[in-house]
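>>> Have a look; sequence and predicted model below, questions after that.
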Amino acid sequence: MKSLVALVLLGQILGSITTSPPFPPLNTRLPACDDPEVEHAAAFAVHHINTHTLHGYKIALNRIESVKVLPRRPKGDMYYLEMDLLETTCHVLDPLPAANCTVRSKMEHAVEADCDVKLLSLDGNFKVLSTKCHSSPDSAEDLRKICPDCTPISKLNDIGVVNAVDVALSEFNARNDTNHYYKLLEISRGKHTHLPPASHVEFAIVATNCTAQEAKDHIEDCHLGTGEHVHFGFCKATIFDRTVAGPADAKFPPGDAVDCTIFDQQAGFSHTHLTEHHLGKKIPSPGVGHTVLDLIHSHNDTHASHESHSAEVAVVEVASPVVKRAVDPVPVAPILPVLQQCPGKYHHFKI
């Protein structure tokens, strides 16, 4: 008898659990890629990528490829974004806001980045939980289709590019009046042209505690500044190769062109991680053997995420419990497929 009572009680308990699930089922939301809420999430993600990039150039949103939004227990939403980004002409050291930076044109050999970003939306605020990016230049074939005379970018450790950077930095140090001797931080871009023969390079520099004369006498005593006291700069240069024979009527400009911008120190903002990566730890540049400084070196990890794995809940279709009722069943409306409007529009151009 006791066993029968126990079985009845157990059946009642299981029945109550079956008919009253502790949580309602979750549903994935698929907003359009160009919806304001999605654009807002993408803008936050792009800002995060720009402020955490260690090499190369700031980027701009070109197109949102896909988006899905999942409810998160106990509250909030998880956004999963796939985005296409384009390289701008602003180096990551440049204090100019990325929104004010010019997107590099196709004829300059544009660079595109593909990024997958996971964000948490909670109480009206976003937090980036993880980023995964990869950047690559447009193909040389596509470049020549729109500009037959344009030359593609070269590998960053190309001997001609490296030599041109050395010449340009020496020229800048010889004539700069900032009372600082500058060292190379990274080569960011380089290419060669044939008429006239020249190398066009872009590179970042960092100040030492020496003047040009002190560096000339005792270069081993020159050290980099630290924290907010270090000065950074970004240079663009064209170095002509007069040893290469050209057409008889070829004319060289009177001299090389070296233009360096020294950035103002930004209170509360330090690029110490850059100097440690490039100079302090003697880590090889991520540009070795490549034509671009790939975002993969800055963004294929999780940034300070304190989300537990149990907090992310997959979408599960929960079957309705089978309950015997004395009334006729209520007809259920058919579930119509959601037609998501993705990918979104191009903000700049297709690559």
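Looks like it arrived, so ask away.

>>> Surely residue 67 touches residue 83?
No. If you go by CB atoms under 8 Å, residue 67 and residue 83 don't touch, sitting 9.1 Å apart. The C-beta positions use only the backbone N, C-alpha and C, and glycine is treated the same way.

>>> anything in contact with each of the two?
Counting by CB atoms under 8 Å, 6 or more residues apart in numbering, no residue touches both residue 67 and residue 83.

>>> Mind jotting down where the strands sit in the chain?
With DSSP state E, the ranges of strands along the chain come out as 57-71, 77-91, 111-122, 125-137, 182-194, 197-207, 232-240, 257-262, 301-302.

>>> Pipe those into JSON lines and attach distance to residue 215 and mean neighbour count per row.
Listed next are the strands of the chain as JSON lines, based on distance: least, CB to CB, whole Å; neighbours: other CB atoms under 10 Å:
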{"stretch": "strand 57-71", "distance to residue 215": "28", "mean neighbour count": "21"}
{"stretch": "strand 77-91", "distance to residue 215": "23", "mean neighbour count": "22"}
{"stretch": "strand 111-122", "distance to residue 215": "34", "mean neighbour count": "20"}
{"stretch": "strand 125-137", "distance to residue 215": "35", "mean neighbour count": "18"}
{"stretch": "strand 182-194", "distance to residue 215": "9", "mean neighbour count": "21"}
{"stretch": "strand 197-207", "distance to residue 215": "11", "mean neighbour count": "23"}
{"stretch": "strand 232-240", "distance to residue 215": "16", "mean neighbour count": "21"}
{"stretch": "strand 257-262", "distance to residue 215": "16", "mean neighbour count": "16"}
{"stretch": "strand 301-302", "distance to residue 215": "37", "mean neighbour count": "11"}
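
>>> and stretch 187-195, average pLDDT?
For stretch 187-195, mean pLDDT rounds to 92.

>>> hmm, who's touching that stretch?
Stretch 187-195 is contacted by residues 55-57, 91, 109, 151-158, 160-162, 164-165, 198-204, 234, 246-247, 250, 285, 287, 292-293 when judged by CB under 8 Å, 6+ apart.

>>> Work out the gap between that stretch and the centre of the chain.
Relative to the chain's own centre, stretch 187-195 is displaced by 23 Å; criterion: CA atoms, centre = their mean, to the nearest Å.

>>> Equivalent analysis for stretch 235-242, please.
In terms of CA atoms, centre = their mean, the centre of stretch 235-242 is set 29 Å apart from its chain centre.

>>> Contacts for it, please.
Here stretch 235-242 makes contact (CB under 8 Å, 6+ apart) with 160, 163-165, 167-169, 171-172, 196-205, 252-253, 256-261.

>>> Flag every buried residue along stretch 41-49.
Applying a neighbour-count criterion of 16 or more other CB atoms under 10 Å, one finds 41, 42, 44, 45, 46, 47, 48, 49 buried in stretch 41-49.

>>> Does the last one touch residue 299 like I think?
Translated: residue 49. Yes. Counting by CB under 8 Å, residue 49 does reach residue 299; the two are 6.1 Å apart.

>>> Name the spans of the stretch 251-351 of the chain whose pLDDT lies under the cut-off.
Residue ranges of the stretch 251-351 of the chain with pLDDT under 70: 251-254, 266-285, 300-338.

>>> and with 50 instead?
Where the stretch 251-351 of the chain drops to pLDDT under 50, the residues are 302-325, 327, 333-336.

>>> The residue nearest in space to the middle of the chain and residue 37: what is the separation?
Closest residue to the average C-alpha location of the chain: residue 49 at 4.5 Å, with CA atoms, centre = their mean. From residue 49 across to residue 37, the span is 19 Å (CB to CB, to the nearest Å).

>>> shared neighbours of residue 49 and residue 299, which are they?
Residues within reach of residue 49 and of residue 299 at once, by CB under 8 Å, 6+ apart, are 115, 131, 133.

>>> between the residues you listed, which is closest to residue 342?
Proximity of the shared contacts of residue 49 and residue 299 to residue 342 was ranked by CB to CB; the top entry is residue 115 with 15.4 Å.

>>> That closest one - nearest residue in space that isn't next to it in sequence?
Distance criterion CB to CB, 6 or more residues apart in numbering; nearest residue to residue 115, sequence neighbours excluded, is residue 133 at 4.2 Å.

>>> returning to that earlier point: now do the contacts for the residue nearest to the centre of the chain.
Residue 49 sits next to 59, 85, 115, 117, 131, 133, 295, 298, 299 when contact means CB under 8 Å, 6+ apart.

>>> Let's have the residues you listed in JSON lines, adding distance to residue 77.
Output for the contacts of residue 49, formatted as JSON lines (distance: CB to CB, whole Å):
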{"residue": "59", "distance to residue 77": "25"}
{"residue": "85", "distance to residue 77": "23"}
{"residue": "115", "distance to residue 77": "19"}
{"residue": "117", "distance to residue 77": "14"}
{"residue": "131", "distance to residue 77": "18"}
{"residue": "133", "distance to residue 77": "22"}
{"residue": "295", "distance to residue 77": "26"}
{"residue": "298", "distance to residue 77": "26"}
{"residue": "299", "distance to residue 77": "22"}
